[in-house]
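Undergrad: missing the sequence, but the structure's below:
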């Protein structure tokens, strides 16, 4: 094995970690308050829509299965 293939890991100190973390945070961009409010409203409306949709689909399946059960009971004579 050649010495070039062996990679020595350097353990960084706390100060270097904090320095790198601050440098990475400087690269990030945070959404504005109005962006957060608008996306929150979109999420709430979407959740309410899908909750209503899934409720209606569930009620539809219950109705269909109860109707099938009634038909099978009438056919079987129960």
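TA: Now that the structure is in, tell me what you want to look at. The shown structure was predicted, so the numbers you read here are calculated from the model rather than taken from an experiment.
Undergrad: What are the buried residues along stretch 70-78?
TA: For stretch 70-78, burial by neighbour count (16 or more other Cβ atoms under 10 Å) applies to no residue. (Each C-beta comes from the backbone N, C-alpha and C, glycine too.)
Undergrad: how about the helices in the chain?
TA: Using DSSP state H, the helices of the chain run over residues 14-27, 33-76.
Undergrad: counting contacts, what elements does the longest one pack onto?
TA: It refers to helix 33-76. Helices and strands touching helix 33-76, by 3 or more Cβ pairs under 8 Å, 6 or more residues apart in numbering; DSSP states H and E: there are none.
Undergrad: coming back round to it: now the helices of the chain in a markdown table, with mean pLDDT?
TA: Converted to a markdown table, the helices of the chain look like this (pLDDT from 0 to 100):
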| stretch | mean pLDDT |
| --- | --- |
| helix 14-27 | 93 |
| helix 33-76 | 97 |
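Undergrad: Tell me how far the residue nearest the centre of the chain lies from residue 35.
TA: Geometric centre of the chain, nearest residue: residue 43, 11.4 Å, by Cα atoms, centre = their mean. Counting by Cβ to Cβ, to the nearest Å, the separation of residue 43 from residue 35 is 13 Å.
Undergrad: Could you do residue 51 as well?
TA: Distance of residue 51 to residue 35, computed by Cβ to Cβ: 25 Å.
Undergrad: what do you get for residue 12?
TA: Relative to residue 35, and taking Cβ to Cβ, residue 12 is found at 35 Å.
Undergrad: what does residue 16 give?
TA: Look at residue 16 and residue 35: by Cβ to Cβ, they are 34 Å apart.
Undergrad: same deal with residue 73?
TA: For residue 73, the distance to residue 35 - Cβ to Cβ - is 57 Å.
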